[in-house]
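K.L.:
no FASTA, just this:
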Ligand SMILES: Nc1ncnc2c1ncn2[C@@H]1O[C@H](COP(=O)(O)OP(=O)(O)OP(=O)(O)O)[C@@H](O)[C@H]1O
């Protein structure tokens, strides 16, 4: 017996009990009454003045409340509660008598426990006197303290069920062979309650309540029995039903997961989440009408997710995320999001729980996976019901999922589906007009997420232009910080000026040493590694930050990540760019999620448990696996991430996209710089003969190759770290090809190499291997020896580590990837270094490609960014050299021969003549005319 009653309550209970006993005695004495089941007697006189009915009412089956002597006793406060609130009922008859196991308990009885004289086994049984042994609750009554409560205040009655003793045979059966009517828990005096339970029907209450409804309607005419009541608000998120007694109403109440009975006021109250459902049920009852809550109308019929008044609050929903573990649980499982609108309950079998599932309108059972799924709008109701099943433990959806899908869960009225078009009128029109449709959608998404997002488009889809546009939308909050791999710092600076022409020339500050100021520009561009060396300046905060290749931050233990995270968390706008968000390795995604939404998973461990299949090992936790990946993807896509694959937007992409990558000048050492500067100066003076000119240019070209090696390798390694799985690298000089090969070997990256020394017979098998093998990531190719006759379409990225003055050769080389079999748009990156021969070659190449394009001979023009390199010819001295290059090579009738000759020169200049010399000779094998020329050339040397 609960000890929490006041004296007044006890007194009233006793008073009611006495009244009930008296009325019962009267009825028994009255002729013609005794044989009718109490459930069929509705005596208006038994209604109290306040409208509540006292006295006869449906009796819980089994003669609950009977003492051994067969005399009803007054209702205990516990009895007056709905059983789930701590009532100690009997166990179902298929459990051993007195069993205390959790699985044998029920959080609340089926409706019939109160309203129907039979246990709700089957329709047939309803017509018969119960065959099962009947139990009643013996003297041991649990105290409040002995009954642990769920978060919602209900007690886990597993602890409350104690000793049960069979009822004295038939002592309490009515003449109809049914147990006699017992006390109404609301108003009547009565004895402590014991219940019959269905052995199977878990959430049978609703169904049974309907059986009850039909029975009732057969007996009562609506006009005679209609009981009027109303719903009133009860606290922040509950409502109370003020109504007199109706057995069928009580039966239905007991099917509502959030029900609570207040013995003091003798009223039932419920969560607003259940309001619609309850009103719907009431509408079906013939004998009761309820006035709706103030502020609603028949709105009660509207599902709660569409109704403001009845929506579950986000707070209520979030409550389900904590305190869900049940020590008594036997069947354990979890809820998992399986689409934007549905969730699945991944759990073992329990009949009662299946009954609950079957009450959900949106239920769906997947025969293959043997899992049940539901619409998110059913989540609150389902979780409420599951929470009241003590033997079932279902891990709820995580908080971030609840927060993100609040609209679908019915906790907000805002529609999350459509992303509005952002107002970009304040942004440079050049960039706005230049956005492809899917890029515009990316910008809209970013702005709808208030500038905090992970832009995870496939590689080459133009994340740069989108990021610049998003950042420009927040230009008032600049200075801007851009964190990038060091090899593309200057490319970023170029892109800003190209796309935002309104920027003044000095607005970009590319940081090249740890001593540079991090904040001196309007746009500050820094590499990951330099950022981590600028600890003192890291106290500066930026409101807007772009992080290119943000997966570089995947490891929280690295210096770069430790340096960047506080800045990102403090910033107002965080634009992360990654073409390879490690969705299959969730642990690697954590830092990026935390950077964009620190509140989602404040602790890595909870993220690890849910998405990394975290396992405790002898040495600590292992987070290297993955779990619930689908949910993670839906969560990220709904909240912070936008990702489009190339295949999805292919129709908007050109067949080829050429990009110029300005490689870092500090990659060139001081000595080489000086040599190059001297050569430039010398060439600007001019030469007497064409031959002299060409030789000087070739030497310059050769020095350029040496100068670029370091930056080229850095760029290739960055590409690999960014997740590029397959690409081609073209170079001309042997030293460059060798340096790349050595680095790939050092890093154990699978590659093939085709240069002039590769026998023709071997080329084919090398190409075939590259096409099919996932282990071969890079094809290292000589511009002159591998620009034709090979197919390498399994790659969709071509990198030119060096330039070549004949654009026809370059286009042919590009087409190793861009050919039949290619299903994607091909990205082509030209690496260009300032202060080298590139400065002269590049404008020339660009111009020629434009001409080819105009003539329909080249499928693609250079992108806007590529054109941004016009500045290369601003120096009049440079112009002279540029003209020199044009004169020397552009007018040459046979550029390829020239290239071969240069390769031979290259071979001669290197002590290891083997490859290059061989290269030239091999090339000759394809053309007798060329062979002759090269042999002539070698002979001349
Ligand atoms: N709207 C556009 N108009 C013109 N050129 C564009 C546009 N969008 C992208 N490009 C060009 O496409 C090329 C690829 O763009 P970008 O380098 O931004 O791709 P990305 O998504 O960052 O690729 P990665 O992940 O490989 O770095 C660049 O040359 C860029 O200038």
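P.N.:
Arrived safely, thanks for sending. Bear in mind the structure is a predicted one, so any value in this text is a computation, not a measurement. Numbers count the residues shown, from 1 in each chain.
K.L.:
near the ligand, which residues of this protein are found?
P.N.:
Residues of the chain lying close to the ligand (CB under 6 Å from any ligand atom) are 434-436, 439, 457, 459-465, 579, 657, 659, 827, 863-865. Every C-beta, even on glycine, is put in place using the N, C-alpha and C of the backbone.
K.L.:
what about residue 294, how many neighbours?
P.N.:
Here the number of neighbours of residue 294 (other CB atoms under 10 Å) works out to 11.
K.L.:
OK, contacts around it?
P.N.:
Residues near residue 294 by CB atoms under 8 Å, 6 or more residues apart in numbering: 232-233.
K.L.:
separation between it and residue 633?
P.N.:
43 Å (CB to CB, to the nearest Å).
K.L.:
of the residues of the chain next to the ligand, just the buried ones, ChimeraX syntax please.
P.N.:
Buried subset of the residues of the chain next to the ligand, written as a ChimeraX selection, criterion 16 or more other CB atoms under 10 Å:
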select :434,435,436,439,457,459,460,461,462,463,464,465,579,657,659,827,863,865
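K.L.:
please flag which of the residues of the chain next to the ligand sit within strands.
P.N.:
657, 659, 827 (DSSP state E).
K.L.:
okay if I get these as CSV plus pLDDT?
P.N.:
Converted to CSV, those look like this (pLDDT from 0 to 100):
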residue, pLDDT
657, 84
659, 85
827, 90
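K.L.:
which of the residues you listed lies closest to the ligand?
P.N.:
Each of these was checked against the ligand using CB to the nearest ligand atom; the closest is residue 659, at 3.1 Å.
K.L.:
neighbours of the nearest residue to that closest one once chain neighbours are set aside, how many?
P.N.:
Spatially, and ignoring its direct neighbours in sequence, residue 659 is nearest to residue 829 (5.1 Å; CB to CB, 6 or more residues apart in numbering). By other CB under 10 Å, the residues close to residue 829 number 23.
K.L.:
helix, strand, or coil at residue 829?
P.N.:
Here residue 829 is strand, with the state taken from DSSP: H, G, I helix; E, B strand; the rest coil.
K.L.:
which element follows the lengthiest helix in the chain toward the C-terminus?
P.N.:
Secondary structure assigned by DSSP state H gives helix 690-721 as the longest helix of the chain. For helix 690-721, the following helix or strand on the C-terminal side (DSSP states H and E) is strand 727-731.
K.L.:
give me the helices and strands touching that next one, please.
P.N.:
In terms of contacts (3 or more CB pairs under 8 Å, 6 or more residues apart in numbering; DSSP states H and E), strand 727-731 is packed against helix 690-721, helix 734-746, strand 776-782, strand 797-800.
K.L.:
what do you get if the cut-off is 10 Å, keeping everything else the same?
P.N.:
helix 690-721, helix 734-746, strand 750-754, strand 776-782, strand 797-800, helix 807-814, strand 826-833 (3 or more CB pairs under 10 Å, 6 or more residues apart in numbering; DSSP states H and E).
K.L.:
quick check: angle from it to helix 807-814?
P.N.:
If you take axes from the mean of the first three to the mean of the last three CA atoms, to 10 degrees, strand 727-731 sits at 150 degrees to helix 807-814.
K.L.:
so what are the sheet partners of strand 727-731 and their directions?
P.N.:
Paired with strand 727-731 in the same sheet, following DSSP bridges, are strand 776-782 (parallel), strand 797-800 (parallel).
K.L.:
mean confidence score for the longest one?
P.N.:
Going back to what we said before, that points to strand 776-782. The pLDDT scores in strand 776-782 average 95.
K.L.:
follow-up on the earlier one: with mean neighbour count added, can I get the strands paired with strand 727-731 in CSV?
P.N.:
As requested, the strands paired with strand 727-731 are exported to CSV (neighbours: other CB atoms under 10 Å):
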stretch, mean neighbour count
strand 776-782, 24
strand 797-800, 24
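K.L.:
can the ones you listed go into TSV with extra columns for distance to residue 449?
P.N.:
Listed next are the strands paired with strand 727-731 as TSV, based on distance: least, CB to CB, whole Å:
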stretch	distance to residue 449
strand 776-782	34
strand 797-800	29
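K.L.:
distance across stretch 423-431, terminal residue to terminal residue?
P.N.:
13 Å (CA to CA, to the nearest Å).
K.L.:
same question for stretch 428-442.
P.N.:
End-to-end distance of stretch 428-442: 17 Å, with CA to CA as the criterion.
K.L.:
for that stretch, list every residue counted as buried.
P.N.:
Buried, per 16+ other CB under 10 Å, within stretch 428-442: 428, 431-432, 434-436, 438-442.
K.L.:
over to stretch 750-765?
P.N.:
Per 16+ other CB under 10 Å, stretch 750-765 contains these buried residues: 751-758, 763.
K.L.:
just put those residues in TSV and tack on pLDDT.
P.N.:
Listed next are the buried residues of stretch 750-765 as TSV, based on pLDDT from 0 to 100:
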residue	pLDDT
751	96
752	96
753	96
754	94
755	92
756	88
757	90
758	89
763	86
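K.L.:
report the two of these separated the most.
P.N.:
751 and 756 (17.4 Å; CB to CB).
K.L.:
what's the spacing between the nearest residue to residue 270 once chain neighbours are set aside and residue 237?
P.N.:
Closest residue to residue 270 in three dimensions, ignoring its sequence neighbours and counting by CB to CB, 6+ apart: residue 258, at 5.0 Å. Distance, residue 258 to residue 237, by CB to CB: 9 Å.
K.L.:
looking at these two, which is more packed in?
P.N.:
Taking neighbours as other CB under 10 Å, residue 258 and residue 237 compare with residue 258 leading, 26 against 16.
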